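A.B. asks: need a 3D model of the sequence below.
(one chain, ligands or ions: 1)
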Amino acid sequence: MTKKAGSGLPSGEQAKPEATGHCPQCDKETVHRYRPFCSKRCADLDLHNWLQGNYAIPTEEEDSQVPEDAVRH
Ligand SMILES: [Zn+2]
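C.D. replies: Numbers count the residues shown, from 1 in each chain. Next comes the predicted model:
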């Protein structure tokens with residue numbers, strides 16, 4: 001029985017996932033402090049956009065809807 005002397009040591013240390021990406025706003029390098037953005041400005045911009053999108057509630061739904069009851073034959 002040939003047993004290889006191998007210790008159960010994990011090869012290498014765990015690679016830490018660095019915050020290296022690109023800002024979704026301006027495509028600049030991500031800054032860890034403001035990730036996933038590059039700066040507070042971009043973070044604010046995104047938040048602003050997000051809020052705007054959230055507040056944009058379609059209100060012209062009622063106007064364009066034709067009541068089927070009105071169409072009598
Ligand atoms: Zn940016």
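A.B. asks: can you pull the residues of this protein lying near the ion?
C.D. replies: With C-beta under 5 Å from the ion as the criterion, the chain comes near the ion at residues 23, 25, 26, 28, 38, 42. Yep, even glycine has a C-beta here, placed from its N, CA and C like the rest.
A.B. asks: please repeat the previous calculation with a cut-off of 6 Å.
C.D. replies: 23, 25, 26, 28, 37, 38, 39, 42 (C-beta under 6 Å from the ion).
A.B. asks: ok, and the closest non-adjacent residue to the fifth one?
C.D. replies: What sits nearest to residue 37 in space, not counting adjacent residues and going by C-beta to C-beta, 6 or more residues apart in numbering, is residue 43, at 4.4 Å.
A.B. asks: what bits of this structure have low per-residue confidence?
C.D. replies: 1-19, 55-67, 70-73 (pLDDT under 70).
A.B. asks: one more time with 90
C.D. replies: For the chain, the stretches with pLDDT under 90 are 1-20, 49-50, 52-73.
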